[in-house]
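*Asks:* just to be clear, the model below is a prediction. Sequence and coordinates:
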Amino acid sequence: MMTEVPVLTIDGPSGSGKGTVAARVAGELGWHVLDSGALYRLTGLAARRAGVDFADHAAVAEIARHLPVRFEGGKVLLDGEDVSLAIRTETAGNDASKVAAIPEVRAALLDWQRGYARPPGLVADGRDMGTVVFPDAPVKIFLDASAGERARRRYKQLKEKGIDVSLSGLIAEIEERDQRDRNRSVAPLVPADDALVIDSTSMEVEEVVDRVLQAVRKALPQAVPGK
Ligand code: DC
């Protein structure tokens, strides 16, 4: 496997702040980022648009295998169309969680995800980065937060975008998605045995970023630029 390229895995439930922390840490290190959730979101969106029944596992996996996706200048293009916003809706999140429970879909995305490990390093954000995709990663983080706090953060983000939702509805959705992600038979959301678990419920992003950089510095002293 690609052990020469250092990989930092950041796993955790929706809304734990993984995406923000992964981007910030990658910026500090000058490393690449893999947003693996986006691949499941794209698979769900493409399957829905193609009218494929999520119960037809082989058909959904076929879509995952041949996703016509490009990542360009912070945008996500599906078949040339900018779907950066379309993959971030609640429906897309729920669809992603459903297709992510299909073993054939996970298998279809495995090598693609591993291909993101390129020098000088990779920050891989997801649910099974440390357990399945990069089990040999030298630094693994599991970022958690209470369901209530995660719903509150999501509520604030949506409000800022002018989208009106109910907080109690969001909590229920987050709990339902967690339940599915944590209990599925393949690659469930669990911390790797060797992961550092950080509960961000009452932490600022800055603090989490510092803790993660500290862990990287400890495991890979040469990787963190002079601080
Ligand atoms: O991180 P996110 O909210 O964009 O992920 C969307 C869904 O994809 C989430 O419900 C779980 C699933 N997922 C997964 O099963 N494995 C990953 N590595 C990343 C996401």
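*Replies:* The structure has been received and is ready for your questions.
*Asks:* which of the three states applies to residue 141?
*Replies:* Put simply, residue 141 is strand when judged by DSSP: H, G, I helix; E, B strand; the rest coil.
*Asks:* now do residue 9
*Replies:* Here residue 9 is recorded as strand under three-state DSSP.
*Asks:* go on, residue 202?
*Replies:* Relying on three-state DSSP, one would call residue 202 coil.
*Asks:* give me the nearest residue to it, chain neighbours excluded.
*Replies:* residue 149 (7.9 Å; C-beta to C-beta, 6 or more residues apart in numbering). C-betas here are computed from N, CA, C, even on glycine.
*Asks:* ok, that neighbour touching residue 201?
*Replies:* Yes. Using C-beta atoms under 8 Å, residue 149 makes contact with residue 201 at a distance of 4.8 Å.
*Asks:* between those two, point out the one with more neighbours.
*Replies:* Set side by side, residue 149 and residue 201 show more neighbours around residue 149, with 17 against 12, by other C-beta atoms under 10 Å.
*Asks:* which SSE is that one in?
*Replies:* Using DSSP states H and E, residue 149 sits within helix 147-160.
*Asks:* how far does that helix sit from the chain's center?
*Replies:* 17 Å (C-alpha atoms, centre = their mean, to the nearest Å).
*Asks:* contacts made by it with the rest, please.
*Replies:* 13-17, 145, 164-165, 167, 170-171, 174-175, 178, 201-202 (C-beta atoms under 8 Å, 6 or more residues apart in numbering).
*Asks:* which SSE is residue 110 in?
*Replies:* Going by DSSP H and E, residue 110 is in helix 103-114.
*Asks:* could you list every helix and strand in contact with that helix?
*Replies:* Contacts defined by 3 or more C-beta pairs under 8 Å, 6 or more residues apart in numbering; DSSP states H and E place helix 103-114 against helix 36-49, helix 57-65.
*Asks:* and of those helices, who's closest to residue 212?
*Replies:* helix 36-49 (17.2 Å; C-beta to C-beta).
*Asks:* tell me which residues of the closest one come out buried.
*Replies:* 36, 37, 38, 39, 40, 41, 42, 43, 44, 45, 46, 47 (16 or more other C-beta atoms under 10 Å).
*Asks:* follow-up on the earlier one: what are the buried residues along the helix holding residue 149?
*Replies:* 147, 149, 150, 151, 152, 153, 154, 155.
*Asks:* output it as CSV, nothing but the C-alphas.
*Replies:* Provided in CSV are the C-alpha atoms of helix 147-160 (Å, rounded to 0.1, in the frame of the first residue of the first chain):
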residue,chain,number,x,y,z
ALA,A,147,-26.1,15.1,18.3
GLY,A,148,-27.7,18.3,19.8
GLU,A,149,-24.6,20.4,19.2
ARG,A,150,-24.1,19.0,15.7
ALA,A,151,-27.7,19.8,14.8
ARG,A,152,-27.3,23.3,16.3
ARG,A,153,-24.2,23.9,14.1
ARG,A,154,-26.0,22.7,11.0
TYR,A,155,-29.1,24.9,11.9
LYS,A,156,-26.8,27.9,12.1
GLN,A,157,-25.2,27.1,8.7
LEU,A,158,-28.6,26.7,7.0
LYS,A,159,-30.0,29.9,8.6
GLU,A,160,-27.0,31.8,7.3
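*Asks:* got the angle between whichever helix or strand comes after it and helix 147-160?
*Replies:* Using DSSP H and E, the next helix or strand after helix 147-160 towards the C-terminus is helix 167-183. If you take axes from the mean of the first three to the mean of the last three C-alpha atoms, to 10 degrees, helix 167-183 sits at 120 degrees to helix 147-160.
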